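S.K.: Below are the sequence and a predicted model for it; my questions follow.
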Amino acid sequence: MTVEGVRDEVAAGIEQPTRSFWLELLAAEVRFRNAGGHLTRSIEAPTGEPVVRLHGVSGHAETWAHRAHPGPGLPGSALDLLGQGFTDKSDIDYSVRVLAEHVLAFLDAIGATRAHLVGQSLGGWVAA
């Protein structure tokens, strides 16, 4: 499926996970969600209070793929920050504040009221 096809499904409220051999080994799924009006790709190992991992400059969710699932009973998500990886590259101001608002919109999209944030480089700044 193309990114445009995924965009159409997300706009229609369909959030189908993408599966692969490697993600099955990690007990994770690739999902595309509408986060604040932006198509956002994440690697998720769902259930419970989430641990969300944020990559650095020019990174992508696979930076954290080996840590998508943090341990028994803890879900994990690694997302492509706005403008990175397969997440929308909108014509906006890419300030740390805007990136942080995008992460909050992602948390809303997954229905999380609380989350633990872990970041590397720029992702650490966004998490702070």
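M.R.: Looks like it came in fine. Owing to the predicted nature of the structure, the values given are computational and were not obtained by experimental measurement.

S.K.: Which secondary structure element of this structure has the lowest mean pLDDT?
M.R.: helix 21-26 (a mean of 60; mean pLDDT, DSSP states H and E).

S.K.: Residue 106 looks like it's in a strand, true?
M.R.: No - assigned with DSSP: H, G, I helix; E, B strand; the rest coil, residue 106 falls outside any strand and is helix.

S.K.: Quick check: chain neighbours aside, which residue is closest to it?
M.R.: Spatial nearest neighbour of residue 106, chain neighbours left out: residue 35 (4.1 Å); criterion: CB to CB, 6 or more residues apart in numbering. Any C-beta I mention is one placed from the backbone N, CA and C, and that applies to glycine too.

S.K.: What number of residues are in the vicinity of the one you found?
M.R.: Using other CB atoms under 10 Å, residue 35 has 25 neighbouring residues.

S.K.: next one: residue 49
M.R.: 12.

S.K.: what's the closest residue to it other than its chain neighbours sitting at in phi/psi?
M.R.: Spatial nearest neighbour of residue 49, chain neighbours left out: residue 114 (5.6 Å); criterion: CB to CB, 6+ apart. When read as degrees, to the nearest 10, the backbone of residue 114 gives phi -140, psi 160.

S.K.: thought residue 114 was touching residue 52?
M.R.: No - using CB atoms under 8 Å, residue 114 makes no contact with residue 52, being 10.6 Å away.

S.K.: which one of the two has more residues nearby?
M.R.: Under the criterion of other CB under 10 Å, the comparison of residue 114 against residue 52 puts residue 52 first, with 24 against 7.

S.K.: what ranges do the helices span in the chain?
M.R.: 3-11, 21-26, 96-109, 122-127 (DSSP state H).
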